[in-house]
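>>> Sequence and predicted structure below; questions after.
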Amino acid sequence: MTRQIIQLAVLSMTITGGVALAQAPPAILTIDLANHVEYYDDTAITSYATTPSLTTQNTGNGKNFFEILIVADIVAINGQPAKGLYVSRNRVIQGGPTATPGQVISDAAVTAYREDLFKILRTDGTPIGSITALGISGGTPPPGGALTQTGGDWAITGGTGAFLGVRGAMGGTGAQKGGRPASMSEDPADRRTLGGGTFEFVLYLVPMETTAIAMTANGPAVLHASDFSLVTAAKPAAAGEVLSLFATGLGPVQGGVGPGQLFPASPVAAVNAPVQVMVNGAATQVLSATGYPGSSDGYQVNFQMPSDVPHGTASVAVSAAWMAGTPVTIAVQ
């Protein structure tokens, strides 16, 4: 019976995979940056990255058409510690509806055209993936984005790793001190020592593939870890109990498993991205998240129910790389 339940779960993942692609729910990622430095292209190529001390840019902020390269550290995503690199190439095109000498005349306010990249790592340095975007800074954000977005208009053009194929939009939240301007002659090896500003972006992501808990003929594929029987109304979950759920869409695994290859049985392959299980909307302890052996997009996640979960029913949802699927409901005693 145990093996049958697991096989049903994995079979369900295979059958519903095409539907999941069309119904991937959006996710909101708030990315916090530190040591944010704006390097102005104000010197000869031979002087790039040669000055081991604090510099000031030689090109005024009012000058149009010059280039700025921004470099910053990713320090948190949705309030959780993270690591990574943020790089942005800017071509300044300051302007707006009022004709002003030296400024761009435009129906919309603008400060720069930008190409942005977030390379996101776990806190231990393990790569999770990257997100790329194109757009403009300045002005009023377009409708339909995250409610915390206060400025800018970037289109998310794709990603890699756990963010493969994402699309969406992003902008700034206003919760920032801005970058420290510097000359491109400044040695970027000293960026953290010399310091920089802070910045916060909010990303509205639509994944290529949804994260979802599999369904069996008898309900969600959430099992008692003690005997691998299905959690049902007749055999509900208990507060503090360890459960196993089976899901799809958690992304790449560690250990060199290529696209479309089957996950190994020994050793089992851990999911590369951070995985969370939410019970009644609150994060609970995840004990392990691995690729299910013999599947190419099935995963087993072991987690502990909260000790204070109320009796009756509880909603359970799983997320990977801060992108969550639709919750399912299980019985709780």
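Yes, it's here. Residues are numbered from 1 along each chain as shown.
>>> Kindly provide the distance from the nearest residue to Thr150 once chain neighbours are set aside to Gly161.
Using Cβ to Cβ, 6 or more residues apart in numbering and skipping residues adjacent in sequence, the residue nearest Thr150 is Gly174, 4.0 Å away. Any C-beta I mention is one placed from the backbone N, CA and C, and that applies to glycine too. As for Gly174, its distance to Gly161 is 29 Å (criterion: Cβ to Cβ, to the nearest Å).
>>> do Ala108 as well
Note on Ala108: its distance to Gly161, by Cβ to Cβ, is 34 Å.
>>> Could you do Val75 as well?
19 Å.
>>> so what's the nearest residue to Asp190 once chain neighbours are set aside up against?
Nearest residue to Asp190 in three dimensions, chain neighbours excluded: Pro52, at 6.0 Å (Cβ to Cβ, 6+ apart). When contacts are counted by Cβ atoms under 8 Å, 6 or more residues apart in numbering, Pro52 touches 187, 189-190.
>>> Phi and psi next, for Pro52.
phi -90, psi 30 (degrees, to the nearest 10).
>>> And for Arg167?
The phi/psi pair for Arg167 (degrees, to the nearest 10) is phi -140, psi 170.
>>> and it, what pLDDT?
As predicted, Arg167 sits at a pLDDT of 96.
>>> Can you get me a residue count around it?
When neighbours are counted by other Cβ atoms under 10 Å, Arg167 registers 16.
>>> circling back to that earlier point, reformat the contacts of Pro52 into CSV and put pLDDT next to each item.
CSV is the format used below for those (pLDDT from 0 to 100):
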residue, pLDDT
Asp187, 98
Ala189, 98
Asp190, 97
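>>> Generate a ChimeraX selection restricted to the buried entries among these.
What follows is the ChimeraX syntax selecting those of the contacts of Pro52 that are buried according to 16 or more other Cβ atoms under 10 Å:
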select :187
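>>> how much space between the residue nearest to Asp190 and Gln80?
34 Å.
>>> repeat for Ala109
Distance, Ala109 to Gln80, using Cβ to Cβ: 34 Å.
>>> Gly174 and Gly161: which is more packed in?
Between Gly174 and Gly161, counting by other Cβ under 10 Å, Gly161 is the more crowded of the two (17 against 11).
>>> ok, now which ones touch that one?
Counting by Cβ under 8 Å, 6+ apart, Gly161 touches 127-130, 251-252, 272-273.
>>> Find me the pLDDT at it, would you?
96.
>>> Can you report phi and psi for it?
According to degrees, to the nearest 10, Gly161 has phi 60, psi -130.
>>> From Trp322, how far out is it?
Distance of Gly161 to Trp322, given as Cβ to Cβ: 13 Å.
>>> list the contacts for Gly240?
304-307.
>>> swap that for Lys119, please
Neighbours of Lys119 in contact, by Cβ under 8 Å, 6+ apart: 74, 84-87, 127, 130.
>>> 10 Å instead, please
With contacts defined as Cβ atoms under 10 Å, 6 or more residues apart in numbering, Lys119 is in contact with 74, 83-87, 127-132, 160-161.
>>> now Pro220
9, 12, 212-214, 230-232, 245-247, 316, 327-330.
>>> So Ala189, which state does it fall into?
Here Ala189 is helix, with the state taken from DSSP: H, G, I helix; E, B strand; the rest coil.
>>> Give me the distance from the host helix or strand of Gly84 to the chain's centre.
Assigned by DSSP states H and E, Gly84 belongs to strand 83-96. Chain-centre distance of strand 83-96: 20 Å, with Cα atoms, centre = their mean, to the nearest Å.
>>> all helices for the stretch 151-300 of the chain, in order.
With DSSP state H, counting those that start in this stretch as the criterion, the stretch 151-300 of the chain has helices at 191-194.
>>> and of the contacts of Gly240, the nearest to Ser137?
Nearest to Ser137 out of those is Pro306 (Cβ to Cβ; 41.9 Å).
>>> so what pLDDT did that closest one get?
Confidence score, pLDDT, at Pro306: 97.
>>> neighbours around it, how many?
Neighbours of Pro306 (other Cβ under 10 Å): 17.
>>> unless I'm mixing things up, it is touching Thr284, no?
Yes - here Pro306 reaches Thr284: they are 5.3 Å apart, a contact under Cβ atoms under 10 Å.
>>> Find the nearest non-adjacent residue to Leu245, please.
Val222 (4.7 Å).
>>> Pull the contacting residues for the one you found.
By Cβ under 10 Å, 6+ apart, the residues touching Val222 are 9, 213-214, 216, 230-232, 237, 243-247, 277, 301, 303, 314, 316, 318, 328-331.
>>> Which residue ranges of the stretch 1-150 of the chain form strands?
Secondary structure of the stretch 1-150 of the chain, counting by DSSP state E, counting those that start in this stretch: strands at 27-40, 67-77, 80-81, 83-96, 104-105, 110-121, 127-137.
>>> Columns mean pLDDT and distance to Gly151 on top of those, output as a markdown table?
Output for the strands of the stretch 1-150 of the chain, formatted as a markdown table (pLDDT from 0 to 100; distance: least, Cβ to Cβ, whole Å):
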| stretch | mean pLDDT | distance to Gly151 |
| --- | --- | --- |
| strand 27-40 | 97 | 15 |
| strand 67-77 | 97 | 15 |
| strand 80-81 | 96 | 24 |
| strand 83-96 | 96 | 13 |
| strand 104-105 | 94 | 17 |
| strand 110-121 | 97 | 9 |
| strand 127-137 | 97 | 7 |
